[in-house]
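Novice: next input, structure requested:
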Amino acid sequence: MEKPGRSPVAFTPMRSAISRRMVESKSKAPHFYVTTEIDMEAVTAANAALNHGRSGDDRVTVTAWLVRAVAQSLAAAPELNAVWNGETLERIEQINIGIAVAIPDGLIAPALLDCGPKDLATISSELRDLVARTKANKLRPAEFSDATFTLSNLGGFPVTQFTAIITPPQVAILGVNAIVDQVVAVNGAPAVRPRMGLSLSFDHRVVDGLRGE
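Specialist: Residues are numbered from 1 along each chain as shown. Below you'll find the model as predicted:
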């Protein structure tokens, strides 16, 4: 019997799948986290110059810069561009970065495929297309299944700290916070700089603390 003032909410198949995967990840993968802040002045200035005279869909987002930086980092740390198959780690040659996208049924992270050799302009164009097709339910099978690392960006919201849950069978995920002006020491003097908080969640079966740093 339902209690007054309460009503059951039926999960959609996608919401149920998300629930199962998150429980699987947190219960089976021993998470550990590292956090840091980075100065974004050079990136924001370069992006503003790049977008000068552009409008709408032609504009390059900070997310595109992050995808390019993550791809370069994964090339230098191939143990993170990998999946855990239950017994062993499988390193993947192609860098396929999952991009967390909110849709009505929940949050999914389709893969931007083969990011390693792509320049910023290509990543920006393909990222716009991927997000649009995600929201239109027009993803290709590989984009659903082949991500090797995920980027979860809450920078569009007033979020200054969060840690993300690894998407199995991947072994790491990057959480991105909003860019916030902060007073910091620059060359020994106080200055206002745009700062971004980052958090990396790792599977401790694969990555030790020192390598996580």
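
Novice: from what I see, residue 171 and residue 201 are in contact.
Specialist: No: in this structure residue 171 lies outside contact range of residue 201 using CB atoms under 8 Å: 9.5 Å. C-beta: built from backbone N, CA, C; applies to glycine.

Novice: nearest residue to residue 80 other than its sequence neighbours?
Specialist: Excluding the flanking residues, the one nearest residue 80 by CB to CB, 6 or more residues apart in numbering is residue 172, at 4.8 Å.

Novice: what does residue 100 give?
Specialist: Per CB to CB, 6+ apart, closest to residue 100 is residue 152, 4.1 Å.

Novice: next, count neighbours for the one you found.
Specialist: Using other CB atoms under 10 Å, residue 152 has 21 neighbouring residues.

Novice: averaged pLDDT, the helix or strand containing it. What do you get?
Specialist: Using DSSP states H and E, residue 152 sits within strand 149-153. If you average the pLDDT over strand 149-153, you get 96.

Novice: partners of it in the sheet?
Specialist: Take DSSP bridges as the rule and strand 149-153 pairs in its sheet with strand 97-99 (parallel), strand 172-186 (parallel).

Novice: so which of those strands is nearest residue 82?
Specialist: Nearest to residue 82, of all the strands paired with strand 149-153, is strand 172-186, at 8.6 Å by CB to CB.

Novice: got the buried residues for that closest one?
Specialist: 172, 173, 174, 175, 176, 177, 178, 179, 180 (16 or more other CB atoms under 10 Å).

Novice: ok, back up a step: what about the residue nearest to residue 100, distance to residue 177?
Specialist: 10 Å (CB to CB, to the nearest Å).

Novice: with residue 23 instead?
Specialist: 25 Å.

Novice: tell me the bridge partners for the residue nearest to the spatial centre of the chain.
Specialist: Residue closest to the mean C-alpha point of the chain, counted by CA atoms, centre = their mean, is residue 151 at 1.0 Å. Beta-bridge partners for residue 151, by DSSP bridges, are residue 99, residue 174.

Novice: which residues touch residue 181?
Specialist: Residues near residue 181 by CB atoms under 8 Å, 6 or more residues apart in numbering: 192, 193, 194, 195.

Novice: before we move on, the earlier item: isn't the residue nearest to the centre of the chain right up against residue 96?
Specialist: No: when contacts are counted by CB under 8 Å, residue 151 is not listed as touching residue 96 (11.4 Å).

Novice: related to what we said a few turns ago, and the residue nearest to residue 80, what pLDDT?
Specialist: According to the prediction, residue 172 has pLDDT 96.

Novice: check contacts around it.
Specialist: Here residue 172 is in contact with 80, 149, 166, 200, 201, 202, 203, 207 (criterion: CB under 8 Å, 6+ apart).

Novice: you'd agree the fifth one is up against residue 175?
Specialist: Yes: using CB under 8 Å, residue 201 is in contact with residue 175, at 7.0 Å.

Novice: what sits in contact with each of the two?
Specialist: By CB under 8 Å, 6+ apart, the residues touching both residue 201 and residue 175 are 163, 164.

Novice: tell me which of the contacts of residue 181 fall in strands.
Specialist: Judged by DSSP state E, the subset of the contacts of residue 181 located in strands is 192, 193, 194, 195.

Novice: before I go, just wanted to say thanks for your time.
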